[in-house]
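Chemist: predicted structure and sequence below. I'll ask about it afterward.
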Amino acid sequence: MIEVMFGSLAGLLTNPQTIGLMLIAVMIGLIVGATPGIGGRLSIALAIPFIYGMDMTQGAVFLLTMHAVNGTSGQVSSIMFGVPGDGDDAATTIDGYPMAKKGEAGRALGASITASGVGGIIGAVVFAVMIPVLEPVVLAFSPAEFFLLAVLGITFIAFLAGKGQIFKGIIVGLFGMMLATVGMDPQTGTARFSGDYLFLWDGISTITAVLAVFAIPEMIALATRGGSIAMQGTGDVRVSYKQLFQGVLEVPRHWWLALRTSIIGAVIGMVPGLGGSAAAWLCYGHAVQSSKTPERFGHGAVEGVIAPETASNAKEGGSLLPTLFFGIPGSSGMAVMMGAFLILGIQPGPAMMTDNLGLVWTLIWALVVGNLIAVTFLLFITRWVALLTFVNVAMLVPFILTLVMVGVYSSEGQWENLLVLLAISVVGWGLLKYDWPRAPFVIGLVLGKIAEESLHKALGLWGMSFFWRPLSLVLIALIAATIAYAVYSSVKGKSGTPVGAGS
Amino acid sequence: MTEHVFKGIFAAALLAAPGAAYAQADKAFFNGKSVTYIVATAPGGGYDTYGRLVAEYMQKYLPGSTFVVRNMPGAGHLVGTNALYASKPDGLTLGTFNTGLIYTQLAKHSGVKFDLTKMSWIGKAATDPRAVIIAAQSPIKSWPDLTKMKDPQNFATSGPGGANFVETLALTAILKLPIKMLPGYNGTDDQLAMRRGEIVGSIGSRSSFEQFVANGYGRFVGQFGGTRKDLPQMSQYVKGNAEAERLVRLITAQGDIARLTAGPPGVPAPQLAGLRDAYRQAMEDKDMQARADKLGLPVEPLFGEDVAKAVSEALNQSPEVVNLLVEGFSKGK
């Protein structure tokens, strides 16, 4: 075992051609990840013609590296401009963008890029450790558990809303859940709230809603305010390596949080069916809920950047497990990846463990090395990229708005999504202007859909008795504890602070 | 040689509508033109892979043309198919979509803005028979075992209107099967659910479960049509029940006409003949066959009029079946 493990690493590192391919894959992955609306799935689909004739190992390493670093670069625009690249980057925006506004873009980027790398590497470790227990762990999660996990995530809204804003948080969360019901009813096949407009039948596109609630309102605010994104950075207009390095050090300072969120992310990634954004949001919620000073979140808390970024990269390692060892892809991206594996002559399934262990270890190492290359490269160029936050917004806003609209269109290729963008932006702008929390909206939208679908299935399968499954009971206890803690801290907070301290 | 000429004349006679002149395949028309090939799903996945392959090799046999693949996903292939149907019939827009839309059209679904019988059929690339699959841990070893079960067995299906939802619903109703349907299992959710044991079986395309069965997680107990003879045919289990026989034929047609290519109604005969020619040459291209083989994509083509005929036959159903489909699409409304 040990021999195979390190033999694979040596094989990976001593082959200049493989290293060259990995460098190319990292660059493509980062570029695709930085463009809103283009997901990892598309990049794999488009790369397939190039892997014909590639050696089995090299082809797999190329695709996996490209896919693994995809989530690493989306954070750059999330932090600097408040423009998330996809649903999980939106969690990074909540604290990353306020940091940039305070002139701390360098610190935020340093922390988030390092967190991504650390998450990716811990994800690979979890992958390796989990191989023997993969089967019982993955099969323990049924629709009953999906439903309760989604509910647990939704209860985090209580913490995300901020002090004294719990009702506003619930209202915004419910609005998100309401939008999640638009589209084809998964149970009855009735088109809900969509009339004859076919583009609504698949539901509100998450990326459109996220950009409408986060990116567009921030751009309006910027344009009306003028100046540059970084308001308080006048004293130190250069983004120094020092600031960046301070950010990097934030990750070891919060090592316990980074470790927990990486593991949670990897496990959620392993279990097919929960979807990518759930990992980042559950971990963001967890960071807020476990913090001693939750009121700092939303105003530039560095933990709020670390948690979702570790989770979203860690889940990539996890999501590979069911694809490789069951031959059952956990996401649409992995389904495309599995097709590519078949072309390369890799036959995913339980036999991988015995017949192809060398390849499995090579892939695990590719995850580690790919993440290291991506982090080093990003940290190196970030100093210049972060300077953009000091550019006059009159030059920046039109450019970003164009990027947002192209992203919204290209994510599904439907122009009607631009109208959805416009409509939800109005709501998003209202939320920003009147200082209502926006994070609960995404939680409601992302988790509301999972909750609905899995509740239907669980009730159909077991009736009300699904609550008595052992893992269900654990999750119910967690939900109860979360609610109790929220009530307790809100009561305590009220009696502790002077009357009138509303926000 | 004479045989070829004879075949050509025969085909032309079939093609020519009464009074219309014999159409010479006009390939020169495509020289310097750009052809849009609509794929009614997002990139990645079977339709996209077949679509890109077909487009690439049709381009090869239409000298000077440029094929551009355009993905138009949404509403279970309806968005892309409606767009294809409404496109200008000049031979410069083609596309591919799910054969399951035969069910959707039969059910007179409100999202359907097309009539499959009127489309300009170019060909189909594969046969992907539907099959009944049972999880490995279930005691059910064969189709008769399933019909004799005392308790209802959990069958996973997609959302209402999806192909396997309609098939499971109609089979269960006509044969009074002990099946409880659980909708909402999309993609490979059903495979994982069978591994967990919450789901006993499902109806799906054989190709999508081949790997699952090879890994020992499940078994096929019956197949609807198809060229391989290693599984019992479902038609043998429904002998004597006229209504069930018709239904099995409909489900069989669904698998026989897989990975199709069509244009909007009214493509001028010379262009259509050119496209059909290029499609045939693409399917017979050794290079293309090798590529498809490597991708694990079976190629069992059928061309032009034959596909049109098969589609029309599949759409010609008894009122009983139509009523069942209408019910299948409107459940819960």
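Modeler: Here it is on my side, so go on. Fair warning: this is a prediction, and the values are worked out from it, not measured in the lab.

Chemist: drop to CA atoms for contacts and neighbour counts, all remaining ones
Modeler: OK.

Chemist: point out where chain A drops to low pLDDT.
Modeler: A:1, A:37-40, A:163, A:231-239, A:275-276, A:330, A:493-503 (pLDDT under 70).

Chemist: and residue A:492, how many neighbours?
Modeler: Per other Cα atoms under 10 Å in any protein chain shown, the neighbour tally for residue A:492 reads 11.

Chemist: which helix or strand contains residue A:126?
Modeler: In this assignment (DSSP states H and E), residue A:126 forms part of helix A:105-130.

Chemist: what packs against the following helix or strand past that helix?
Modeler: For helix A:105-130, the following helix or strand on the C-terminal side (DSSP H and E) is helix A:134-139. For helix A:134-139, the packing partners by 3 or more Cα pairs under 8 Å, 6 or more residues apart in numbering or on different chains; DSSP states H and E come out as helix B:189-196.

Chemist: the helix it packs on - contacts with which helices or strands?
Modeler: For helix B:189-196, the packing partners by 3+ Cα pairs under 8 Å, 6+ apart come out as helix A:134-139.

Chemist: can you pull the buried residues of the helix it packs on?
Modeler: A:134, A:135, A:138, A:139 (16 or more other Cα atoms under 10 Å in any protein chain shown).

Chemist: residues contacting the third one?
Modeler: The one in question is residue A:138. A:270, A:271, A:272, A:322 (Cα atoms under 8 Å, 6 or more residues apart in numbering or on different chains).

Chemist: and of these, the nearest to chain B?
Modeler: residue A:272 (7.9 Å; Cα to the nearest Cα).

Chemist: run the chain-centre distance for the top helix by length along chain A.
Modeler: Identified as the longest helix of chain A according to DSSP state H is helix A:357-385. Distance, stretch centre to chain centre, for helix A:357-385: 18 Å (Cα atoms, centre = their mean, to the nearest Å).

Chemist: near chain A, which residues of the stretch 1-150 of chain B?
Modeler: The stretch 1-150 of chain B comes close to chain A at residues B:42-45, B:71-75, B:78-79, B:110-111, as judged by Cα under 8 Å from any Cα of the partner chain.

Chemist: which ones among those lie within strands?
Modeler: The strands in this structure, assigned by DSSP state E, contain residue B:71 from the residues of the stretch 1-150 of chain B next to chain A.

Chemist: would you mind checking the residues of the stretch 1-150 of chain B next to chain A for buried ones?
Modeler: B:42, B:43, B:44, B:45, B:71, B:72, B:73, B:74, B:75, B:78, B:79, B:111.

Chemist: among the residues you listed, which ones are in helices?
Modeler: Per DSSP H, the subset of these in helices is B:78, B:79.

Chemist: include pLDDT and distance to residue A:438 when you put the buried ones among the residues of the stretch 1-150 of chain B next to chain A into CSV, please.
Modeler: Formatted as CSV, these follow (pLDDT from 0 to 100; distance: Cα to Cα, whole Å):
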residue, pLDDT, distance to residue A:438
B:42, 78, 30
B:43, 75, 32
B:44, 70, 33
B:45, 73, 35
B:71, 85, 33
B:72, 86, 31
B:73, 82, 29
B:74, 80, 28
B:75, 79, 29
B:78, 87, 34
B:79, 87, 32
B:111, 82, 34
